[in-house]
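**Student:** show me how the following folds:
(one chain, ligands or ions: 1)
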Amino acid sequence: MMTHQECINCGSKYAVDEIIYFCKKCGDLLEIKYDYDELARTLSKSEWKKTPLSVWRYKDFMPINDFSKIVSLNEGGTGLHPCQRLGKQLGIRRLHVKNEGENPTGSFKDRGMTVGVTKAVELGVKHVICASTGNTSASLAAYAAKAGLQCSVLIPSGKIAYGKLAQAMIYGAKVLQVRGNFDQALDVVLKLSEKHRSIYLLNSINPFRIEGQKSLAYEMCDQLNQESPDRVVVPVGNAGNISAIWKGFTEFHKLGFIKKLPKMTGIQAVGAAPIAQAIKNGSDEIVPVGKPETIATAIRIGAPVSWKKAVNAIRQSHGTAETVTDAEILDAQKMLARVEGLFVEPASASSIAGLKKLTENGEIESDEQVVCVTTGHGLKDPDVAVQMSEKPLEVDAEMEAIERALGLKTAMVMPVYGG
Ligand code: F0G
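**Tutor:** Got it, this is the predicted structure:
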């Protein structure tokens, strides 16, 4: 069995170079499948373990035919930060944060785009497109620029953080602000890419994106000395990333690199939580949210396209899902910045807020080894950070004024002259 695309529902198989986003027979999602015996043989001859941590350290695990075509901006290899001080505050003895803001455009999307855009080049397409809450558009715009491809992005009008908008614009994408939310924008690009076959869709429905993003799991295992953590906590929006991370862990497990699998734990904002609700209700279907709302605009999504993969990941791994309020998200964002020196955007902080809630509710044990994935850099959304922080004092450029502002003693000190 060669590397191919396969329907997660009916098992229909499609060639790896066929441009297809949904199963032609049943309309369900696709995923990339490998011959794992063949992969194990390739790996035994490969030098991959000597290569530095990055997405392309794992090129043997990627569905690319021609590695000379790789479109890279040096993605992956992000820090797995031990967070003892934060862990102490949350009551978790072994806590790490996998900080995806360290990627070239500041989010985990770059892992998927380096593979997705490389595939686009291999397929010979000239025009790429996506709908986005911001980060996907920033990332696609950058990789399309690097590859010399035409790029169009659809974003929800007025509901995208400023840093992300700036990125999409400066990288030269055609930016369309859609009057509507992300779900509506995605609906349009799905139909558009079916109608205009020459435009290649790079939302996470595209299984090649997921292949790049699974490297998040591989890296965690390699950074923990070939072990999986007990639990991985991930913010969930359109649900591609949690699905990708789970795929990565199951592949490393199948190949014998790790002995156990982590409990996948998905966190959504209260106002945009169809997957968390389905998990809590024990339901096999989601009920889409018509008007999703949250300050964490990255995950302001009511009808996650990859919900089925995410629900499978959470159920198969014996994990869980939780919802967090905007206030809890902002508290967590501030806490992570002040206690660990990690500045992440609000959606990313939802993983910390979710961990806090689940620990307080006794659903996560203090001796579990936990990794929280923080998905995007704090500078993506400077407005939120400025709004929730104390305003800087304005002072005269004089010693006394500054001493007063800093609460220092202002008593005169006689200068000492010596010879
Ligand atoms: N965190 C951030 C910072 C994101 O940008 C996203 C998704 C997620 C978490 C959720 O990941 O969709 O794979 O479940 N952002 C997409 C975008 C939707 O368009 O940038 P997911």
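**Student:** distance check, G378 against N238.
**Tutor:** For G378, the distance to N238 equals 21 Å [Cβ to Cβ, to the nearest Å]. For glycine as for every other residue, the C-beta is placed from the backbone atoms N, C-alpha and C.
**Student:** of those two, which one has the most company?
**Tutor:** N238 (26 against 22; other Cβ atoms under 10 Å).
**Student:** chain neighbours aside, what residue packs nearest to the more buried one?
**Tutor:** In this structure, N238 finds its nearest non-sequential neighbour in P304, 4.9 Å apart by Cβ to Cβ, 6 or more residues apart in numbering.
**Student:** thought that neighbour was touching P274?
**Tutor:** Yes: counting by Cβ atoms under 8 Å, P304 sits close enough to P274 to count as a contact (6.5 Å).
**Student:** and those two? Which one has more around it.
**Tutor:** For P304 versus P274, neighbours defined as other Cβ under 10 Å are more numerous around P304 (31 against 22).
**Student:** and the strands in the stretch 101-250 of the chain?
**Tutor:** All strands of the stretch 101-250 of the chain, identified by DSSP state E, counting those that start in this stretch, fall at 127-131, 150-156, 174-178, 199-201, 231-235.
**Student:** go through these and pick out the most buried.
**Tutor:** strand 231-235 (a mean of 30; mean count of other Cβ atoms under 10 Å).
**Student:** would you put the C-alpha positions of it in PDB?
**Tutor:** In PDB, the C-alpha atoms belonging to strand 231-235 read as follows (Å, rounded to 0.1, in the frame of the first residue of the first chain):
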ATOM      1  CA  ARG A 231      -1.700  14.900  28.600                       C
ATOM      2  CA  VAL A 232      -1.700  17.500  25.900                       C
ATOM      3  CA  VAL A 233      -3.900  20.600  26.300                       C
ATOM      4  CA  VAL A 234      -4.800  22.300  23.000                       C
ATOM      5  CA  PRO A 235      -7.000  25.300  22.000                       C
END
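**Student:** just checking, K409 touches E403?
**Tutor:** Yes: counting by Cβ under 8 Å, E403 is a contact partner of K409 at 7.3 Å.
**Student:** neighbour-wise, which of the two wins?
**Tutor:** Each of K409 and E403 has its neighbours counted (other Cβ under 10 Å); E403 has more, 14 against 7.
**Student:** gap between the nearest residue to K357 once chain neighbours are set aside and the ligand?
**Tutor:** Distance criterion Cβ to Cβ, 6+ apart; nearest residue to K357, sequence neighbours excluded, is E322 at 5.6 Å. When distance is defined by Cβ to the nearest ligand atom, to the nearest Å, E322 is 15 Å away from the ligand.
**Student:** counting neighbours, what do you get for G148?
**Tutor:** By other Cβ under 10 Å, neighbour count at G148 equals 9.
**Student:** contacting residues around the residue nearest to I210 when sequence neighbours are not counted?
**Tutor:** Leaving aside its sequence neighbours, I210 sits nearest to A244 (Cβ to Cβ, 6+ apart; 4.4 Å). Contact analysis of A244 by Cβ atoms under 8 Å, 6 or more residues apart in numbering lists G112, S204, R209, I210, E211, G212, Q213, K214, L216, A217.
**Student:** go with 7 Å
**Tutor:** Residues in contact with A244 (Cβ atoms under 7 Å, 6 or more residues apart in numbering) are I210, Q213, K214, L216.
**Student:** hang on, the earlier thing: correct me if wrong: the residue nearest to N238 contacts I275.
**Tutor:** Yes: counting by Cβ atoms under 7 Å, I275 is a contact partner of P304 at 6.0 Å.
**Student:** mutual contacts of these two, please.
**Tutor:** Common neighbours of P304 and I275 (Cβ under 7 Å, 6+ apart) are A239, A310.
**Student:** residues from the stretch 251-400 of the chain in reach of the ligand?
**Tutor:** Residues of the stretch 251-400 of the chain lying near the ligand by Cβ under 6 Å from any ligand atom: A298, I299, E345, A347, S348, T375, G376.
**Student:** out of these, name the ones that lie in strands.
**Tutor:** When DSSP state E is applied, those are split such that none fall in strands.
**Student:** who wins on neighbours among these?
**Tutor:** S348 (34 neighbours).
**Student:** thought it was touching G376?
**Tutor:** Yes: counting by Cβ under 7 Å, S348 touches G376, with 5.2 Å between them.
**Student:** kindly state the beta-bridge partners for the residue nearest to K357.
**Tutor:** I267 (DSSP bridges).
**Student:** contacts only, for it.
**Tutor:** I267, A276, G354, K357, L358.
**Student:** show me how far stretch 376-391 is from its chain's centre.
**Tutor:** In this view, stretch 376-391 has its centroid 19 Å away from the chain centroid, taken as Cα atoms, centre = their mean, to the nearest Å.
**Student:** okay, buried residues for it please.
**Tutor:** Going by neighbour count (16 or more other Cβ atoms under 10 Å), the buried part of stretch 376-391 is G376, H377, G378, K380, D381, V384, A385.
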